[in-house]
Each structure stands twice: as C-alpha cells, then as structure tokens.
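Undergrad: Following is a predicted model, sequence given first.
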Amino acid sequence: MPAKCAAPRATAHLSQEYRTPAWEQRKLGELGFAQSGIGFPDAEQGGSEGIPFFKVSDMNTPGNERELVISNNYVTADQIARMSWHPICQVPAIFFAKVGAAVLLNRKRLVNEPFLLDNNTMAFSMDPNRLDSQFGQSLFERIDLTSLVQVGALPSYNASDVEDMAVSLPDHMDEQRRIGAFFDHLDSLITLHQRKYDGCANPLFLERRISCRKPSHQNRCSATTTPSG
C-alpha cells in the first residue's frame, strides 16, 4: 500500500504591491510553507529501503553537500502506516535544522523526492508556481535563519517564524530560472573544488612528506606529495 503523503497546504494570497517593476517583496509564507519534523523512535531506525527519513546528521554525508540524495535511515510503507506518518510529498523543499546547536550552522539542503524528517529539523516546501527550485535554493542560502533563534536552553525557531520572513525575488518565473541556473552552476563548481580540496587534505589518501637537504652552499627544502600506502 503506497504511503499517504501529508495534505498540501494552501499558501497565502499574493498582494499586488511591488517593490520595483521587476522585483517584488514577499513573505516566504506566500511562496510555500514550512513544516516541522516528527519523532523517530530508535526501534524504527536503520532501514535501508523505502522513503528516506532525514536527520541533521544526513547533511554531513558525502554527496549531500547541496541536495539530500542519501539517507542513513529509510522507512517502509508498513512502518509509515503503522506509525501514522505522513511523508512530505510537496517537493522541491529546503531542509534545515530547527533546534539545537546545529541551528547556528545555518545549513540548508534541497530535497527533490518525498521524504520524512525528524523533530530536530524543518522543511520549507516551495510552491512550484511561484518559486523556481534552483532560485529558491539560492534564495535560502542567502537567508540567515539564525536571526530567528529564540532565547532559551536550546536555540530554536518555529514554522511561523520562517514563513513570516520577507524576501525579494523576480516577478517573472523565467527570470527566476535564469538566476537560479547561474547560481546553481556556480555552487556546483564550488562544491566540486571543495571535494577536490578535501580529498587532497585527507590523510587517508595523501600524506605530505617533507625532505630537507643542507648542501654546503645553501639550505634547500623540497616538498613532495605522494599517495599514502
């Protein structure tokens, strides 16, 4: 039996006030909706098949630097029915931490497939008629969610805080797509170079061997990088 997804929510009605002729200012709640995660009992964790159940730690997984494509936990349709869970099917969505120290890292990830998320996280589902996914991801990368943190024992914020944030964006979807594609390409290049740097700096793959020689006429050092074996 296929998993029953959470019912889509209607987004707020758009006003006709424009910040400029080409760009407009909107609240995020007019462009989609935010939804908090749910409890994920230990006994239900560890699955390798079904729908991904994302946690904060999944943002650290290699390959998930920009989009969550790998999960440490998957849940089956039987689990979903038994636990009365409702996967988020309104994608694309932006995934991020909502409570604890991870909030202060201000990290976000794109999700393009139906998913579940635990109660330390939140997702913003984009309205595809009002927000291009690539532009939306770029937009969120430039939003400082730490500005919403509430004072308390643990840093946190709620869905209404996120939806109330004001952003500026092009009125026309075509312009959003062009801008989104540009920043997507740029971010992909940054991620690629970061992976190359991490690989070169990883002692499991490479080690830096420094050999110094002291000829009579001068001191001379040479550095070589060789695969560790």
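TA: In hand now; what should we look at?
Undergrad: Starting from the helix or strand that contains Gln35, tell me which strands it pairs with and how they run.
TA: Assigned by DSSP states H and E, Gln35 belongs to strand 32-36. According to DSSP bridges, strand 32-36 forms sheet pairs with strand 121-126 (antiparallel).
Undergrad: Report the buried residues of the next helix or strand after the partner strand.
TA: Using DSSP H and E, the helix or strand that follows strand 121-126 towards the C-terminus is helix 133-141. When burial is assessed from 16 or more other Cβ atoms under 10 Å, helix 133-141 yields the following buried residues: Ser133, Gln134, Phe135, Gly136, Gln137, Ser138, Leu139, Phe140. Glycine gets a C-beta too; all of them are placed from N, C-alpha and C.
Undergrad: elements contacting helix 133-141?
TA: strand 93-97, strand 108-111, strand 121-126, strand 166-170, helix 173-201 (3 or more Cβ pairs under 8 Å, 6 or more residues apart in numbering; DSSP states H and E).
Undergrad: With just CA atoms, put that helix into CSV.
TA: Only the C-alpha atoms of helix 133-141 are listed here, as CSV (Å, rounded to 0.1, in the frame of the first residue of the first chain):
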residue,chain,number,x,y,z
SER,A,133,13.6,25.3,-7.2
GLN,A,134,17.1,26.5,-8.1
PHE,A,135,16.3,30.1,-7.4
GLY,A,136,14.6,29.0,-4.2
GLN,A,137,17.7,27.1,-3.1
SER,A,138,19.9,30.1,-3.9
LEU,A,139,17.5,32.4,-2.0
PHE,A,140,17.6,30.2,1.1
GLU,A,141,21.4,30.0,1.0
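Undergrad: For the spatially most central residue of the chain, which residues count as its bridge partners?
TA: With distances taken as Cα atoms, centre = their mean, the residue of the chain nearest its centroid is Arg109 (1.0 Å). Counting by DSSP bridges, Arg109 is bridged to Phe95.
Undergrad: and the nearest residue to Ile38 once chain neighbours are set aside, how many neighbours does it have?
TA: Distances taken as Cβ to Cβ, 6 or more residues apart in numbering place Asn119 nearest to Ile38, at 5.7 Å, with adjacent residues excluded. Look at Asn119: counted by other Cβ atoms under 10 Å, it has 13 neighbours.
Undergrad: I figured Asn119 hits Ser36, correct?
TA: Yes. Checked against Cβ atoms under 8 Å, the pair Asn119 and Ser36 is within contact range at 6.7 Å.
Undergrad: can you list the helices and strands packed on helix 133-141 in a markdown table and add mean pLDDT and distance to Gln25?
TA: What follows is the helices and strands packed on helix 133-141, written out as a markdown table (pLDDT from 0 to 100; distance: least, Cβ to Cβ, whole Å):
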| stretch | mean pLDDT | distance to Gln25 |
| --- | --- | --- |
| strand 93-97 | 98 | 19 |
| strand 108-111 | 97 | 21 |
| strand 121-126 | 98 | 17 |
| strand 166-170 | 92 | 5 |
| helix 173-201 | 72 | 15 |
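Undergrad: JSON lines for those, including distance to Phe54?
TA: As requested, the helices and strands packed on helix 133-141 are exported to JSON lines (distance: least, Cβ to Cβ, whole Å):
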{"stretch": "strand 93-97", "distance to Phe54": "6"}
{"stretch": "strand 108-111", "distance to Phe54": "7"}
{"stretch": "strand 121-126", "distance to Phe54": "7"}
{"stretch": "strand 166-170", "distance to Phe54": "24"}
{"stretch": "helix 173-201", "distance to Phe54": "19"}
